[in-house]
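Student: what's the 3D shape of this:
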Amino acid sequence: MESTRILKDKIFLILKGLAMGAANKVPGVSGGVVAFVAGFYEEFIYSLQKVNGTAFKLLINGHFKSFFNYINARFLGLLFLGMIVSYFSISKLLDYLISHYELYVWSVFFGMIIGSIYYLSKDFNDWKTTTYLALAISALVGIGISFLDPATQNDNLFFVFFCGIISVSGMTLPGFSGSFILILLGNYVLLLVDSVNALYNTFAEIIMGDFSFTANIERLRMLKVLAAFTLGSVVGLVTFSHTLSYILKHYKSVTIASIIGFIIGSLGVVWPFKETIYMLNQSGGFLIDSAGEKVIENYYRYLPELNTQTYWAIFFTIIGITIVLTLDLYGQKTRKPHA
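Tutor: A predicted model of the protein is given here:
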């Protein structure tokens with residue numbers, strides 16, 4: 001019975017990682033929201049905080065079991081396994097769904113954001129001047145970010161490293177979409193599409209015994225870009241986690257109010273009723289990425305008319321709210337001690 005429960009917990013951890021990875025890939029949606037609603041956000045942050053000098057001393061001195069237990073490696077390992085798998089599976093599916101059913105996909109995400117706001121605020125009772133102020137400021141910041149114009153693509157490795165640091169904000173700070181920040185920085189396609197596809201193709205070729213990529217200058221450049229981005233993400237993840245764990249410990253009410261504000265601000269990004277604005281090349285045609293998809297530049301948001309399509313969008317919004325409420329129920333069960 002105990003072994004079955006452990007196996008079940010491992011599977012659910014991987015599924016949580018899959019959900020976080022998929023959420024981080026979608027502009028306007030934050031993987032941190034998934035962690036918060038599913039009830040493992042604080043464990044995630046405090047586990048990352050354990051990646052510190054003490055952990056490295058244990059590792060260097062060969063105390064591998066102590067190192068494993070100290071950083072809560074089983075929890076982090078299974079979670080990140082799910083995220084990695086997500087980038088090569090679920091996120092691909094999301095790309096397809098957004099391309100073919102954009103309105104309904106955004107409606108689901110919009111509903112999930114609404115559900116997340118309800119989830120976070122329903123048990124929060126420490127409303128006072130400071131928390132109201134934190135809520136207002138973070139909401140305004142979130143709304144302001146959603147209306148910024150994107151920059152142009154930049155593959156300078158130092159800038160890519162910086163992008164990696166910034167992009168993990170979506171995992172550590174719920175409501176703050178790392179992928180949307182990458183769009184504003186101009187590097188969303190480069191870092192979350194082209195470089196990931198380059199890595200995927202490289203692995204596929206290696207499995208087939210084909211090492212011709214070593215002579216492919218463009219492929220090697222993309223792999224260097226991905227390496228710099230990954231290194232920046234690791235540095236950002238550890239740095240943000242240490243900062244957030246301190247803030248959660250000493251200013252928990254203000255932090256939660258700020259998180260609610262950021263999530264409210266992100267509603268503007270995931271508003272379902274919008275027309276996609278694509279980047280154009282110098283000749284006036286659509287700019288196409290390596291996956292053959294048109295490159296998104298921004299969105300034009302509008303108020304919908306009441307018609308069948310709008311009713312379906314409302315239905316999928318309700319589906320999104322239901323998903324979050326279901327995660328909330330599951331989170332309540334997992335937070336209860338086992339008998």
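Student: and whichever helix in the chain runs longest, how far out from the chain middle?
Tutor: Longest helix of the chain, by residue count under DSSP state H: helix 217-250. Distance, stretch centre to chain centre, for helix 217-250: 13 Å (Cα atoms, centre = their mean, to the nearest Å).
Student: same check, this time on stretch 190-206
Tutor: For stretch 190-206, the distance to the chain centre is 19 Å (Cα atoms, centre = their mean).
Student: got the CA coordinates for it in PDB?
Tutor: C-alpha atoms of stretch 190-206 as PDB (Å, rounded to 0.1, in the frame of the first residue of the first chain):
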ATOM      1  CA  LEU A 190      14.700  32.100 -30.900                       C
ATOM      2  CA  LEU A 191      14.800  30.600 -27.400                       C
ATOM      3  CA  LEU A 192      11.600  28.700 -27.100                       C
ATOM      4  CA  VAL A 193      11.100  27.500 -30.700                       C
ATOM      5  CA  ASP A 194      14.200  27.600 -32.900                       C
ATOM      6  CA  SER A 195      16.800  26.500 -30.300                       C
ATOM      7  CA  VAL A 196      14.500  23.800 -28.800                       C
ATOM      8  CA  ASN A 197      13.900  22.500 -32.300                       C
ATOM      9  CA  ALA A 198      17.600  22.500 -33.000                       C
ATOM     10  CA  LEU A 199      18.200  20.400 -29.800                       C
ATOM     11  CA  TYR A 200      15.400  18.000 -30.700                       C
ATOM     12  CA  ASN A 201      16.800  17.500 -34.200                       C
ATOM     13  CA  THR A 202      20.300  17.000 -32.900                       C
ATOM     14  CA  PHE A 203      19.100  14.300 -30.500                       C
ATOM     15  CA  ALA A 204      17.200  12.600 -33.300                       C
ATOM     16  CA  GLU A 205      20.200  12.600 -35.500                       C
ATOM     17  CA  ILE A 206      22.500  11.300 -32.700                       C
END
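Student: list the buried residues of that stretch.
Tutor: For stretch 190-206, burial by neighbour count (16 or more other Cβ atoms under 10 Å) applies to 190-199, 202. Glycine gets a C-beta too; all of them are placed from N, C-alpha and C.
Student: would you mind listing the buried residues in the following helix or strand past the longest helix of the chain?
Tutor: Once the chain leaves helix 217-250, the next helix or strand it forms, by DSSP states H and E, is helix 252-265. For helix 252-265, the neighbour count (16+ other Cβ under 10 Å) marks 254-265 as buried.
Student: from these, which single one is nearest V168?
Tutor: F262 (14.9 Å; Cβ to Cβ).
Student: ok, that closest one to Y200 distance?
Tutor: 32 Å (Cβ to Cβ, to the nearest Å).
Student: do Q309 as well
Tutor: Q309 is 34 Å from Y200, by Cβ to Cβ.
Student: nearest to Y70 among the buried residues of helix 252-265?
Tutor: Checking the buried residues of helix 252-265 one by one against Y70 (Cβ to Cβ), the nearest turns out to be T255, at 24.9 Å.
Student: for the closest one, what are its contacts?
Tutor: 134, 244, 247-248 (Cβ atoms under 8 Å, 6 or more residues apart in numbering).
Student: just give me the neighbour total for Y311.
Tutor: 10 (other Cβ atoms under 10 Å).
Student: report pLDDT for it.
Tutor: Looking at Y311, its pLDDT is 93.
Student: over to the one 4 residues further on?
Tutor: Model confidence at F315, expressed as pLDDT, equals 95.
Student: hang on, E275 in a strand?
Tutor: Yes - membership of E275 in a strand is supported by DSSP: H, G, I helix; E, B strand; the rest coil.
Student: and the gap between it and T308?
Tutor: From E275 to T308 the distance is 19 Å (Cβ to Cβ).
Student: which residue of the two possesses the greater neighbour count?
Tutor: Higher neighbour count among E275 and T308: E275, with 10 against 7, using other Cβ under 10 Å.
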